[in-house]
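J.: prediction below, plus the sequence it came from.
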Amino acid sequence: MEAYDSGLKGITVYRDGCRTGVLNSIKKEVIDHVVRRERPKTTDIKIHKVKYKNLNYMVLVGLVDGKPIEVFGGLEEGLSLPTKYQSATLTKKSRGHYSLVVQLSDDPEDILKVNNVSARFPAEDIMTITRLISLSMRNGVPVSEITDQLQKSAGGMFEAPAIFARVLKNYLEDEDLVQMAALKVCPQCGGEIEIRRESGCLIETCQNTKCGWINSKCS
Ligand SMILES: [Zn+2]
């Protein structure tokens, strides 16, 4: 963290793509230049409702210029919001205290205000994950890297990583997909692959037309 404050603008990330074969060694090294973003006093909020293992969760994603910078979330019972809303914002009041304002219609008076939103999601284990995700986002870690890490823990007895990975996949950008594709090779022929998004799924296609390998990952 000190490195950023003292003016260092880039870090080097080395990633090992050991799963998909020999040819990966050529593409193994990826260099990312990341810039730390400060949280503005108020962020735009996108509300996601996720059903997972018969429980309902709510995930709030804070956006700055349309890009995610923070997440909050937990069991939906902690914070019941109307399904229909126009927009929402989250304003920092003091350390750890955020106030959510949900705009319910065009009428500026028609709002729902929730003070101290974090208190609505008291589960300490989930809160730890959301803090670390937010920290990564503010420090410029691409969403694809964050979802990768979350998916490594998904499927265990602990459900939060899978829930946040599912939500954050909505925020993968085209550059993320290009970068993800650059780190992988076709498991069948070792050729280059392309990744694209299609109705909530990520479709991986081998670029070697003679091979035709295709893989679809839907969360
Ligand atoms: Zn192939």
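T.: Done, it's in.
J.: could you find the closest non-adjacent residue to N56?
T.: E76 (4.0 Å; Cβ to Cβ, 6 or more residues apart in numbering). Backbone N, C-alpha and C define where each C-beta goes, glycine included.
J.: look up the pLDDT of that neighbour for me, please.
T.: Here the pLDDT value assigned to E76 is 88.
J.: which residues touch it?
T.: Contacts for E76 (Cβ atoms under 8 Å, 6 or more residues apart in numbering) come out as K49, N56, Y57, M58.
J.: what is the burial count for V178?
T.: 12 (other Cβ atoms under 10 Å).
J.: ok, now A165?
T.: 20.
J.: what strand or helix carries it?
T.: For A165, the host element (DSSP states H and E) is helix 160-168.
J.: residue ranges with poor pLDDT in this protein?
T.: Filtered on pLDDT under 70, the chain yields the residue ranges 1-34, 154-157, 219.
J.: and the strands in it?
T.: Listed in chain order, the strands of the chain (DSSP state E) span 42-52, 55-64, 67-75, 87-94, 97-103, 111-114, 193-198, 201-206, 214-218.
J.: which of these sits closest to the ion?
T.: strand 201-206 (3.1 Å; Cβ to the ion).
J.: is the closest one positioned near the ion?
T.: Yes. For strand 201-206 and the ion, the contact criterion (Cβ under 5 Å from the ion) is met by C206.
J.: just checking: what are the partner strands of that strand?
T.: Next to strand 201-206 in the sheet, as set by DSSP bridges, lie strand 193-198 (antiparallel), strand 214-218 (antiparallel).
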